[in-house]
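Asker: What shape does this take:
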Amino acid sequence: MEAPTIGGVRIRHGNGETVRLRRGASLTDLAEKISVDPASLVQVLFNLGEMVNATQSVADDTLQVLGAELNYNIEVVSPEDEDRELLESFDIEFGEDEGDEEDLESRPPAVTVMGHVDHGKTKLLDAVRHSNVVAKEAGGITQAIGAYQVETEVEGEERAITFIDTPGHEAFTAMRARGAKSTDIAVLVVAADDGVMPQTIEALNHAKAADVPIVVAVNKIDKPGADPAKVRGQLTEYGLVPEEYGGDTMFVDVSAVTHEGLERLLEAIVLTADASLDLRANPDMPAQGVAIEAHLDKGRGPVATVLVHRGTLHTGDSIVAGSAHGRVRAMINDRGETVDEAPPSMPVQVLGLTSVPGAGDNFLVVDDDRMARQIADKREARQRAAMLAKSTRRKTLDEIFAQLEKGETQELNLILKGDSAGSVEALEDALLGIEVSDEVDLRIIDRGVGAITETNVTLAAASNAVIIGYNVRAQGKATQLADAEGVDIRYYSIIYQAIDDVEAALKGMLKPVFEEHVLGEAEIREIFRSSKFGNIAGCLVMDGLIRRNAKARLLRDGVVVTDTSIASLRREKDDVTEVREGYECGMTLANFSDIKTGDVIQTYEMVEKPRD
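Answerer: Sure thing, here's the model as predicted:
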């Protein structure tokens, strides 16, 4: 049977078959799956109005459109399924405890502290663990995720609790969401004098999406105007009903300043964990967990803060975290002490990785360094393909033709460098969320953790990009190279300052929008003939003012006869720059002399209109 023609190309038609593809797959990958020539797929897409070559990564929606055209059901494998299939190929089961029931032992609850900015999350945690974290934060806003373990006594028994402090600024939505997913209980901090705020609701939604129990800490009860009852009433509207109102959510009134209610808060966390959760893990299996945060340390190299979910992490273990791998050279707990092992629910900083993992990446211990490197390399290749598909800006034929007609779209290229993986990701999400106009595009061409290097400057010079350094500085000769190449490096320690500056830069790239502002109108009362100057209009200024060299148009019976400018302007025998309403004057128009009595000369200027 002859193959049907699709978009002018003969190609085998699918019959609703399902084809599974990884993120960032190319047309060559799809061609192999359906046994056709990649060039024919390129031709089909071209006929559909999109130009893609056979080997470049293709966006998910483009693959779906192409599949629908060929009658194939294209199924793009989710990142989770992709990673699970990768680990299964190495006979590794991630996310499940090995052994039987008797192998499981109780573990401490991992608790995320969430809430609106400046409601006292870090100060509350600071009071719990008797140290000062918030003083080190720029602007008093937590800019990275920290994890700490504290001890408390409940019913005569010593119990450990692991706290994860999430950033408070609204730009860190993704990091807060990830914090909720890597934890067992969410503590929602609400200021008693401020009440429920937008980020309070946002944090509450993250906790609900993660399906974790919530304990509410009503903070700042020591302040004048504090109204804990108001907070309880407000949160009842969002489905958090206090136990004293007949609900099942524990509310605790606390003060980070006077330390009132802290013990009750810790007790409420433990009681909630015991009542709602079965917190057990097998400590005798290879460790698995999540990298909460990661950064590049000048002296120690890549450092990842990991939270162990199951198993026990030992010094010397071969570990893979996201696309990073290595051997655990040392582990440091939240008090700065070196430890040899980390049991379930214990947060530690891990040294020995070859690169910086992403915040929220899963980590696991494998048999040897070779397996760790293979898993990491495959993850990195897949992430690169997915990122390429996401970031590559493909233009349809219609868009290209439209741009040829009106001029090329302006584009701002950025290179992001930050002190930690989570900060860079949050900054990238925030910047890509800026909406200014269809006339300008924002493109992030590179991102990374650590100091700004000469390589970054060279790339910025080649691609005409601006480098944004977030809590990092240029190292070595990068500053001199940037000066020599004319590369703009901007340094920030607070995220919303970076967002504001980039938004202002994007608005500055927009072509100015001008609007007409009428200066005045004059009626021609008499015409004087001059051999030297031609026809001179004797006028009375009826409205506003007439200015020499201003743009002008001649109106005859309300119809525009010509668009010109005022060539000369006189009052009696004197040259003047302007004549105001109610005065008579004589004027000539540039390159136009066909004037009549009764004509109106209107002057105007084009004023740049501020953009919203």
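
Asker: which residue of this protein sits farthest from its center?
Answerer: With distances taken as CA atoms, centre = their mean, the residue sitting farthest from the centre of the chain turns out to be residue 531, at 69.8 Å.

Asker: Need phi/psi at it.
Answerer: With angles defined as degrees, to the nearest 10, residue 531 sits at phi -70, psi -30.

Asker: so for the lengthiest helix in the chain, what's the average pLDDT?
Answerer: Using DSSP state H, we find that the single longest helix of the chain is helix 369-391. Here helix 369-391 scores 82 as its mean pLDDT.

Asker: circling back: who are the contact partners of the residue farthest from the centre of the chain?
Answerer: Listed by CB atoms under 8 Å, 6 or more residues apart in numbering, residue 531 has no contact partners. Every residue, glycine included, has its C-beta placed from N, CA and C.

Asker: okay, it: pLDDT?
Answerer: pLDDT recorded at residue 531 is 81.

Asker: Helices of the stretch 301-450 of the chain, start to end?
Answerer: Along the stretch 301-450 of the chain, counting by DSSP state H, counting those that start in this stretch, helices occupy 369-391, 397-406, 421-432.

Asker: quick one: buried residues of the longest one?
Answerer: Residues of helix 369-391 classed as buried under the neighbour-count rule (16 or more other CB atoms under 10 Å) are 372-376, 378-379, 382-383, 385-386, 388-389.

Asker: Where does pLDDT dip in the stretch 351-500 of the chain?
Answerer: Within the stretch 351-500 of the chain, the segments meeting pLDDT under 70 span 388-409, 437-439.

Asker: Need phi/psi at residue 496.
Answerer: Torsion angles at residue 496 (phi, psi; degrees, to the nearest 10) stand at phi -70, psi -20.

Asker: What are the phi and psi values at residue 189?
Answerer: Residue torsions, per degrees, to the nearest 10, at residue 189 are phi -90, psi 120.

Asker: Contact partners for it?
Answerer: Counting by CB under 8 Å, 6+ apart, residue 189 touches 113-116, 119-121, 124, 217, 219.

Asker: Turn the residues you listed into JSON lines, columns for pLDDT and neighbour count.
Answerer: Shown next, in JSON lines, are these (pLDDT from 0 to 100; neighbours: other CB atoms under 10 Å):
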{"residue": "113", "pLDDT": "85", "neighbour count": "26"}
{"residue": "114", "pLDDT": "84", "neighbour count": "29"}
{"residue": "115", "pLDDT": "83", "neighbour count": "28"}
{"residue": "116", "pLDDT": "80", "neighbour count": "23"}
{"residue": "119", "pLDDT": "75", "neighbour count": "27"}
{"residue": "120", "pLDDT": "80", "neighbour count": "27"}
{"residue": "121", "pLDDT": "81", "neighbour count": "28"}
{"residue": "124", "pLDDT": "86", "neighbour count": "27"}
{"residue": "217", "pLDDT": "94", "neighbour count": "26"}
{"residue": "219", "pLDDT": "93", "neighbour count": "31"}
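
Asker: mind putting those residues in JSON lines, distance to residue 443 included?
Answerer: Shown next, in JSON lines, are these (distance: CB to CB, whole Å):
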{"residue": "113", "distance to residue 443": "35"}
{"residue": "114", "distance to residue 443": "32"}
{"residue": "115", "distance to residue 443": "34"}
{"residue": "116", "distance to residue 443": "32"}
{"residue": "119", "distance to residue 443": "36"}
{"residue": "120", "distance to residue 443": "38"}
{"residue": "121", "distance to residue 443": "34"}
{"residue": "124", "distance to residue 443": "40"}
{"residue": "217", "distance to residue 443": "42"}
{"residue": "219", "distance to residue 443": "41"}
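
Asker: now, which of those residues lie within helices?
Answerer: Here DSSP H is the test, and those give 121, 124 as lying in helices.

Asker: from the contacts of residue 189, which is closest to residue 50?
Answerer: The shortest approach to residue 50 among the contacts of residue 189 belongs to residue 114, at 42.0 Å (CB to CB).

Asker: who does the closest one bridge with?
Answerer: residue 188 (DSSP bridges).

Asker: surely it meets residue 125?
Answerer: No. Applying CB atoms under 8 Å, one finds residue 114 not in contact with residue 125, separated by 11.4 Å.

Asker: Residue 60 versus the residue nearest the centre of the chain, what's the distance?
Answerer: When CA atoms, centre = their mean is applied to the chain, the residue found nearest the centroid is residue 429 (0.8 Å). Residue 429 sits 18 Å away from residue 60, going by CB to CB, to the nearest Å.

Asker: burial count for residue 332?
Answerer: For residue 332, the count of nearby residues is 16 (other CB atoms under 10 Å).

Asker: cool, residue 212 as well?
Answerer: 21.

Asker: Setting aside sequence neighbours, what's the nearest residue to it?
Answerer: The shortest distance from residue 212 to any non-neighbouring residue, by CB to CB, 6 or more residues apart in numbering, is to residue 186 (5.1 Å).

Asker: so what's that neighbour up against?
Answerer: Applying CB under 8 Å, 6+ apart to residue 186 gives the contacts 111-112, 114, 180, 203, 206-207, 210, 212-215.

Asker: same thing with residue 333?
Answerer: With CB under 8 Å, 6+ apart, residue 333 has these contacts: 149, 339, 342, 346-349.

Asker: ok, so of these, who is nearest residue 267?
Answerer: Of all these, residue 149 has the smallest distance to residue 267: 16.7 Å, by CB to CB.

Asker: Nearest spatial neighbour of residue 197, chain-adjacent residues omitted?
Answerer: With sequence-adjacent residues excluded and distances taken as CB to CB, 6+ apart, residue 197 is closest to residue 116, at 4.0 Å.

Asker: And the one you found, its phi and psi?
Answerer: Phi and psi for residue 116, reported as degrees, to the nearest 10, are phi -70, psi 160.

Asker: doesn't residue 204 make contact with it?
Answerer: No. The criterion here is CB under 8 Å, and residue 116 misses it with residue 204 at 10.3 Å.

Asker: burial of residue 431, as a residue count?
Answerer: By other CB under 10 Å, 21 other residues sit near residue 431.

Asker: how close does the residue nearest to residue 359 when sequence neighbours are not counted sit to residue 123?
Answerer: Sequence neighbours aside, residue 422 is the residue nearest to residue 359 in space, at 3.3 Å (criterion: CB to CB, 6+ apart). According to CB to CB, residue 422 and residue 123 sit 21 Å apart.

Asker: between these two, which one's more packed in?
Answerer: The neighbour comparison of residue 422 against residue 123 (other CB under 10 Å) goes to residue 422, with 29 against 21.

Asker: what pLDDT does residue 99 get?
Answerer: With respect to pLDDT, residue 99 has a value of 74.

Asker: ugh, wrong one, residue 592
Answerer: Looking at residue 592, its pLDDT stands at 89.

Asker: Can you tell me how far it is from residue 46?
Answerer: Look at residue 592 and residue 46: by CB to CB, they are 52 Å apart.

Asker: State the mean pLDDT of stretch 182-198.
Answerer: Per-residue pLDDT values over stretch 182-198 give a mean of 87.

Asker: about what we covered before: for the residue nearest to residue 197, what are its contacts?
Answerer: Contacts for residue 116 (CB under 8 Å, 6+ apart) come out as 168, 189-191, 194, 197-200, 203.

Asker: cool, and residue 162?
Answerer: Going by CB under 8 Å, 6+ apart, residue 162 touches 108-111, 147-149, 307, 345-347.

Asker: Closest one of the residues you listed to residue 500?
Answerer: For the contacts of residue 162, the minimum distance to residue 500 (CB to CB) is 30.4 Å, reached by residue 147.

Asker: burial count for the closest one?
Answerer: When neighbours are defined as other CB under 10 Å, residue 147 has 26 of them.

Asker: Return the distance of it relative to residue 59.
Answerer: 36 Å.

Asker: just residue 224 next, same as before
Answerer: Counting by CB to CB, the gap from residue 224 to residue 59 is 55 Å.

Asker: Those two: which is more packed in?
Answerer: Neighbours were counted for residue 224 and for residue 59 using other CB under 10 Å; residue 59 has more, 20 against 5.

Asker: in its sheet, what does the lengthiest strand in the chain sit against?
Answerer: For the chain, the strand with the greatest residue count under DSSP state E is strand 513-530. Taking DSSP bridges as the criterion, strand 513-530 pairs within the sheet with strand 534-547 (antiparallel), strand 600-609 (antiparallel).

Asker: Fine by me, we can end here.
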